[in-house]
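**Q** Fold the following for me, if possible:
(one chain, ligands or ions: 2)
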Amino acid sequence: MTAPELVLTSSEMRQADRATIENGIPGIELMRRAGRAVADSAEKLAAPGDRIIVAAGPGQNGGDGFIAAALLFDRGYQVSLGLLGTPDRLAGDAAEAAKGWYGKVERVEDLSFHGADLIIDALFGTGLARDLEGAARLAVERMNASGRPILAVDLPSGIDGDSGAVRGVAVKATRTVTFAVRKPCHLLMPGRAYCGPVEVADIGIGGDTLEAKGGTLFANHATLWTHALPRPGLSSHKYERGHTLVASGGATRTGAARLAARAALRIGSGLVTVASPPEALGVNAAHLTAIMLRGCDGPEGLNTMLQDQRFNSLVLGPALGIHAGTRAMVAVAVHARRSLVLDADALTSFEGLATELHGAFRHAPSVLTPHDGEFNRLFKGHPDLVDPASKIERVRRAAAYTGAVVVLKGADTVIAAPDGRAAINENGTPYLATAGSGDTLCGLIAGLMAQGVPAFEAACAGVWIHAEAGASFGPGLIAEDLAELVPGVLRDLLR
Ligand SMILES: NC(=O)C1=CN([C@@H]2O[C@H](COP(=O)(O)OP(=O)(O)OC[C@H]3O[C@@H](n4cnc5c(N)ncnc54)[C@H](O)[C@@H]3O)[C@@H](O)[C@H]2O)[C@H](O)CC1
Ligand SMILES: [K+]
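**A** Ligands and ions are numbered 1, 2, ... in the order given. Below is the predicted model of the structure:
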């Protein structure tokens, strides 16, 4: 089976680099391999004889640029190189690499990018430390304005490697070649949108080293969770596949619960029941067939229902209303220690009250699925959770704080577990931004947990399957379609 795809932060990558050097591969050799990968990648974008302009920065990213420039010159390209800063400021491996470039070292300020068939952006990589200003900023602006194809070395200059944020301005790359593994910025927005297709070049940093220095952050693909997916055997019975309970809102707000319930059923929950306020029983009954329906009046009603241990997974939040009653229902659910997915109103009801949720979810598999607005409302007054620039860091801290798996939704949904594992999703589609889409996601995750899938794997799989279903439909997608598309996605996954 293919291993999950590791993603390493800048500092983890530096440690992996250092360990590789200590194990006997000199730094300059790693840089030569990196530079060769850049040259090989450039050859896919330009033909011998073409004019290539390399913009090199003051650090090792610039060093990679020097190596690539010399190789491409040898391979018959017309190569010019402009340096940001002066050659005497180059140090270590980058200074060594510069010795192999026999052409002129121009000032990056003096280069005209308009005549280039290809620009190689080797200004900054993982060492970017602050916003781009002055000459660096101008160089990036002029590269972008040239309209010429740009190959970014490691990552587009100006993008923060760990958060994917634009530090003032950033190169809009046509393609990016990175080394050993992808970094968070290749998956997180807005960085992902600046990279173009990302190529990962093997420069000889071993899998064991990458695993030892990273090992907790992943790209969210099936390789991460496919082993945990339920595969019903011939003898399996609906009662063994769990029973998901979804709480419905009042008479005019019942659709959300039914969307979640339908998704739970489609993902394989053996049984699904909508728990409905008495006044909404009629409208729910008119719309449910395979899904069961029970009257449930507020927190007391929920408490009574949960005396039945067969309800092993629970969705609370969609259209429940923002008030103390919803908070009380969450308290009942937490006390009952069932698998739990909380979304929407269940999260917003705790606006400014996050301390009530401190450690609350550590006793049972629990998943919170906020979007940015809900996350910021829930954790307002907790700068340590809301302020970090990196989405991964924010989600990890929220997971550690609450004891729940946290899914922070968006074009680059991040899922994190209290134990520090995190995954970045990248198969999302803008079509998923439609009313009721989040309700469906809750149902998928709860339906997987009902079948015994652990919370982190259920959240990661739910997010991926949800996105895959949305992408398979495309334009015109409405939330009602999503659950119906799940069987096709599952069929491919379980093949
Ligand atoms: N295993 C690998 O991944 C390898 C990666 N290599 C390349 O090395 C860079 C990282 O190199 P590093 O020297 O640490 O950082 P940078 O080159 O990105 O930049 C540091 C350099 O830039 C200055 N600086 C930082 N921010 C700014 C700013 N906003 N304005 C101006 N100057 C700034 C800083 O002071 C330093 O001088 C990695 O990305 C790979 O491309 C190696 O080749 C080995 C293998
Ligand atoms: K770069």
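**Q** where are the low-confidence patches of this structure?
**A** For the chain, the stretches flagged by pLDDT under 70 are 234-235.
**Q** Centre-most residue in it?
**A** I424 (2.0 Å; CA atoms, centre = their mean).
**Q** if I read this right, that one contacts R192, doesn't it?
**A** No: applying CB atoms under 8 Å as the test, I424 and R192 come out as separate, 9.2 Å apart. All C-beta atoms are positioned from the backbone trio N, CA, C, and that covers glycine.
**Q** overlap in contacts of the two?
**A** D412 (CB atoms under 8 Å, 6 or more residues apart in numbering).
**Q** contacting residues for the residue nearest to the centre of the chain?
**A** Per CB under 8 Å, 6+ apart, neighbours of I424: 7, 184, 187-188, 217-220, 392, 412-414.
**Q** switch to 7 Å and redo it
**A** 7, 184, 187-188, 219-220, 412, 414 (CB atoms under 7 Å, 6 or more residues apart in numbering).
**Q** which residues does it bridge with?
**A** Note on I424: beta-bridge partners A219, V414, judged by DSSP bridges.
**Q** May I see the buried residues of the longest helix seen in the chain?
**A** Looking across the chain with DSSP state H, the single longest helix is helix 455-473. By neighbour count on 16 or more other CB atoms under 10 Å, the buried set for helix 455-473 is 455-471, 473.
**Q** and if you look at stretch 137-155?
**A** 139-140, 142-144, 146, 148-155.
**Q** next one: stretch 293-301
**A** 293-294, 296, 299, 301.
**Q** From those residues, which land in strands?
**A** The strands, defined by DSSP state E, take in 293-294 from the buried residues of stretch 293-301.
**Q** Format the buried residues of stretch 293-301 as TSV; extra columns: distance to ligand 2.
**A** Below are these laid out as TSV (distance: CB to the ion, whole Å):
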residue	distance to ligand 2
L293	57
R294	58
C296	56
P299	55
G301	58
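**Q** between the buried residues of stretch 293-301, which is closest to ligand 1?
**A** P299 (53.3 Å; CB to the nearest ligand atom).
**Q** Now do the same for the residue nearest to that closest one when sequence neighbours are not counted: helix, strand or coil?
**A** Of all residues beyond its chain neighbours, the one nearest P299 is A328 (3.9 Å), with distances taken as CB to CB, 6 or more residues apart in numbering. When classified by DSSP: H, G, I helix; E, B strand; the rest coil, A328 comes out as helix.
**Q** since we're on A328, how many residues are nearby?
**A** 16 (other CB atoms under 10 Å).
**Q** where's it relative to ligand 1, distance?
**A** Distance, A328 to ligand 1, using CB to the nearest ligand atom, to the nearest Å: 51 Å.
**Q** I'd say that residue and D297 touch.
**A** No: at 11.9 Å, A328 and D297 do not qualify as touching, with contact defined as CB atoms under 7 Å.
**Q** got a list of what the nearest residue to Q60 once chain neighbours are set aside touches?
**A** Computed as CB to CB, 6+ apart, the closest residue to Q60 that is not its neighbour in sequence is A94, at 5.2 Å. Going by CB under 7 Å, 6+ apart, A94 touches 59-60, 62-63.
**Q** Can you add distance to R362, secondary structure and neighbour count and give the residues you listed back as a markdown table?
**A** Shown next, in a markdown table, are the contacts of A94 (distance: CB to CB, whole Å; DSSP: H, G, I helix; E, B strand; the rest coil; neighbours: other CB atoms under 10 Å):
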| residue | distance to R362 | secondary structure | neighbour count |
| --- | --- | --- | --- |
| G59 | 43 | coil | 24 |
| Q60 | 42 | helix | 26 |
| G62 | 47 | helix | 28 |
| G63 | 47 | helix | 32 |
